[in-house]
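Peer 1: Just a sequence and a predicted model for now, questions to come.
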Amino acid sequence: MNQATKAVTALLYTLLVIIFLPFCLEAQFFVGSNSKLILSNNVNLVLNNINLQNQGSIYMGNSSFVFSGTASSNISSSSPITFQNLTINKPSNEFVLNSDIIVTGMLKLVAGNLFLNNKIIHLDSTGYIDSENENRHIYDTGTGTVLVTAVLNNPVAVNPGNIGLELTGSGNLGLTQITRGFKNQDLGNGNFGISRYYDIQPTNTSGLNLSLKGFYFNNELVGNNINKSFLSFWSSTNSGVSWTNIGKDNMDTVNNWVLRNNIIQLGRITFANGGNAALPVNFIRFRGNQLNPGTVKLVWDVSNLSVVSDRFEIERSSDGMMFTKISTQKIDQPNTTEFSMLDFSPNEGINYYRVRQTDKDNRYILSSTIQVMVNPGISVLKLYPNPVLSKLNVNYYSKIECDCIVNIYTISGSRVASRMVHFVKGNNSLEWYMGQLSPGVYNIEFNGPVNKVSQLIKQ
């Protein structure tokens, strides 16, 4: 039999199977080796109490597979089957995977659970789970996972593949792979997580500041002495070898979710007992200003410090993405509400600052990020005496050597005096006799690499 005849025979066999399938009483729907099952678009193929065993090729188009009936059903395949739409409707039983599958459209759970049996469901960029809830859900007792990929850039309440993890925040994560697993994570000291964890693997890891809202089912709490009123986020950056309790910012024990803000590092997360910890610190206000080209002053106001509050870590960045710790302040007085620091080595141009408040158990929360422009040129430190009667002394600092024109203007904008000065790098002093000026208010303006204006009062 030549290859063309084999292909026609396989296709006829497939068509006969499709035509007579509604009348088939066997428990197995078998697609043999070198056979092809080809479904026309928008066809619903219903397998009622029938397993699917595939050793050939299945082409779905935009069609749907529906597994129904009261008996347990399963899929076995020599290679992962790609489903456009897959519906599980098992009112009194469950559906079992004996091989990996790929879903490019909707995976709908109408009734019954889907047991992964250590296999993987791949949801592509358009695949998603529909109608999963407490009474019909995906589960596993081993290494089975649900995997989804999505492009995430400044996401707002995005739940890729509807797998139960919602992301909001700033940062371009790029192509991101999120894996939902079902094995209880060993957190150490006899503490275990719920029967759900997530691995989050973005392409880009810099400049992230995310809020994560994780959902769960009540049956995922069973067997681990977990009280959902005390659920907390736990994080691991080494695939579950070691864990840190990073706390929570909000939760809902009716709709079953936990929220954590200001996450800047991704890896594996799960939920477990975290204790009835104090509420996170609230950053009321954070501001900064340049005192001179070599110094920036930062001030932040907070509320809700407690005895578990350990320290502030002040971080600086030149691009708003990669931050470096520049100072640490211990929190010795929890009743204090205002804190400050001086940065004596800021970068020229824009400096980005944020403050990380860390508790004694290493949970942390981040402030907002602020910008402070550091002037690389002239910064007038002092005009004295001011008001001035005769001689004016000007002390100023220049970060570069340069020439500058200094003008004096009336409050209405008329120039009344001008002179050229040479600035050396560092501190400079200038004396200027003001006897010829009429009493009043003036602006003294430095025009050079950077403009500076200060107000002067002549007596």
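Peer 2: Okay, I see it. Model, not experiment: these values are computed from the prediction. Numbering: from 1, shown residues only.
Peer 1: residue ranges of the strands in the stretch 151-300 of the chain, please?
Peer 2: For the stretch 151-300 of the chain, the strands defined by DSSP state E, counting those that start in this stretch cover 165-170, 172-181, 186-188, 191-192, 197-202, 209-215, 231-236, 244-247, 250-252, 257-263, 268-273, 282-292, 295-303.
Peer 1: mind checking which of those is nearest Asn135?
Peer 2: Nearest of the strands of the stretch 151-300 of the chain to Asn135, taken as Cβ to Cβ: strand 209-215 at 15.0 Å. Just so you know, the C-beta spots here come from the backbone N, C-alpha and C atoms, and that holds for glycine as well.
Peer 1: so what secondary structure elements neighbour that closest one?
Peer 2: strand 165-170, strand 257-263, strand 268-273 (3 or more Cβ pairs under 8 Å, 6 or more residues apart in numbering; DSSP states H and E).
Peer 1: Give me the contact list for the first one.
Peer 2: Looking back up the chat, that one is strand 165-170. Contact with strand 165-170 is made by 152, 154-160, 178, 180, 198, 200, 207-215, 263, as judged by Cβ atoms under 8 Å, 6 or more residues apart in numbering.
Peer 1: low-confidence ranges in the stretch 251-400 of the chain?
Peer 2: 275-280, 293, 361, 376-381 (pLDDT under 70).
Peer 1: Could you pick out the longest strand of the protein?
Peer 2: When the chain is parsed with DSSP state E, its longest strand is strand 85-97.
Peer 1: got the buried residues for that strand?
Peer 2: Buried residues in strand 85-97, defined by neighbour count with 16 or more other Cβ atoms under 10 Å: 85-90, 94-97.
Peer 1: Ok, stretch 364-376 next?
Peer 2: Those would be 364-367, 369-370, 372, 374-375, for stretch 364-376 by 16+ other Cβ under 10 Å.
Peer 1: ok, back up a step: out of the strands of the stretch 151-300 of the chain, which comes closest to Lys325?
Peer 2: Proximity to Lys325 (Cβ to Cβ) singles out strand 295-303 among the strands of the stretch 151-300 of the chain, at 13.4 Å.
Peer 1: Residues in contact with the helix or strand just after the closest one: which ones?
Peer 2: Using DSSP states H and E, the helix or strand that follows strand 295-303 in sequence is strand 309-317. Defining contact as Cβ under 8 Å, 6+ apart, one finds that strand 309-317 is touched by 278, 281, 298, 300, 323-331, 334, 339, 341, 343, 346-347, 351-360.
Peer 1: Partner strands of strand 309-317, with direction?
Peer 2: Sheet partners assigned to strand 309-317 using DSSP bridges are listed as strand 324-330 (antiparallel), strand 349-359 (antiparallel).
Peer 1: now that strand, how far from the centre of its chain.
Peer 2: With Cα atoms, centre = their mean, to the nearest Å as the basis, strand 309-317 stands 20 Å off its chain's centre.
Peer 1: buried stuff in that strand?
Peer 2: Buried residues in strand 309-317 (16+ other Cβ under 10 Å): 309-310, 312-317.
Peer 1: farthest-separated two in the residues you listed?
Peer 2: Among the buried residues of strand 309-317, Ser309 and Ser317 lie farthest apart (Cβ to Cβ), at 24.0 Å.
Peer 1: Any of the contacts of strand 165-170 buried? List them.
Peer 2: For the contacts of strand 165-170, a burial check counting by 16+ other Cβ under 10 Å picks out 152, 155, 159-160, 178, 180, 198, 200, 207-215, 263.
Peer 1: what residues go with each domain of the chain?
Peer 2: Here the domain parsing of the chain from automatic domain parsing is 3-273, 282-374, 378-458.
Peer 1: what's near enough to touch His122?
Peer 2: Applying Cβ under 8 Å, 6+ apart, the residues contacting His122 are 80, 100-103, 147.
Peer 1: Val146: neighbour count?
Peer 2: Val146: 25 surrounding residues under other Cβ atoms under 10 Å.
Peer 1: Show the contacting residues for it.
Peer 2: 116, 120-121, 123, 129, 138, 161, 163, 179-180.
Peer 1: Equivalent analysis for Tyr364, please.
Peer 2: By Cβ under 8 Å, 6+ apart, Tyr364 lies in contact with 246, 262, 356-358.
Peer 1: Run through the helices of the chain in chain order.
Peer 2: 3-20 (DSSP state H).
Peer 1: Mind picking the one among the contacts of Tyr364 that's closest to Ser418?
Peer 2: Nearest to Ser418 among the contacts of Tyr364, counting by Cβ to Cβ, is Arg356 at 48.9 Å.
Peer 1: Setting aside sequence neighbours, what's the nearest residue to the closest one?
Peer 2: Glu313 (4.3 Å; Cβ to Cβ, 6 or more residues apart in numbering).
Peer 1: Tell me how far the one you found lies from Ser92.
Peer 2: Separation of Glu313 from Ser92 (Cβ to Cβ, to the nearest Å): 56 Å.
Peer 1: any idea where the strands of the stretch 351-459 of the chain begin and end?
Peer 2: 364-366, 370-374, 378-384, 391-398, 402-410, 415-423, 426-433, 440-447, 452-458.
Peer 1: Quick one: the ones you listed as CSV, columns for distance to Asn227 too.
Peer 2: Shown next, in CSV, are these (distance: least, Cβ to Cβ, whole Å):
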stretch, distance to Asn227
strand 364-366, 23
strand 370-374, 39
strand 378-384, 57
strand 391-398, 59
strand 402-410, 66
strand 415-423, 67
strand 426-433, 63
strand 440-447, 65
strand 452-458, 61
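Peer 1: among those, which is nearest Gly274?
Peer 2: It is, among those and with distance given as Cβ to Cβ, strand 364-366, at 13.7 Å.
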